[in-house]
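A.B. asks: One predicted model, sequence on top.
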Amino acid sequence: MLPVKKVCRSRTRSRRSHSSLKATHYTICKKCESPKLPHAACDNCGYLNPKITLNIAREEED
């Protein structure tokens, strides 16, 4: 069965407007000033907050 009336583009796109991708928000690490995700440990130095710092094992290049 075919629909009685075709739904216009604007109605379809306004219905799907909330489905778009959101930009990733980054913050600056207070210790090394590299970008990091909020509420997560820094990938560069392992700093999370003044009480917690994670030791990150790094691979040495030969």
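C.D. replies: Everything's here; your move.
A.B. asks: so what pLDDT did residue 19 get?
C.D. replies: Here the pLDDT value assigned to residue 19 is 85.
A.B. asks: whoops, I mixed them up, residue 55
C.D. replies: 75.
A.B. asks: Please enumerate the strands of this protein.
C.D. replies: 27-28, 35-36, 47-49, 52-53 (DSSP state E).
A.B. asks: Quick one: the ones you listed as a markdown table, columns for distance to residue 15 and mean neighbour count too.
C.D. replies: In short, each C-beta sits where N, CA and C put it, glycine included. As requested, these are exported to a markdown table (distance: least, CB to CB, whole Å; neighbours: other CB atoms under 10 Å):
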| stretch | distance to residue 15 | mean neighbour count |
| --- | --- | --- |
| strand 27-28 | 33 | 12 |
| strand 35-36 | 35 | 16 |
| strand 47-49 | 41 | 14 |
| strand 52-53 | 44 | 12 |
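A.B. asks: could these go into TSV alongside distance to residue 18?
C.D. replies: TSV is the format used below for the strands of the chain (distance: least, CB to CB, whole Å):
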stretch	distance to residue 18
strand 27-28	25
strand 35-36	27
strand 47-49	32
strand 52-53	36
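A.B. asks: Compare those strands and say which comes out lowest on pLDDT.
C.D. replies: What stands lowest among the strands of the chain, in mean pLDDT terms, is strand 52-53, with a mean of 69.
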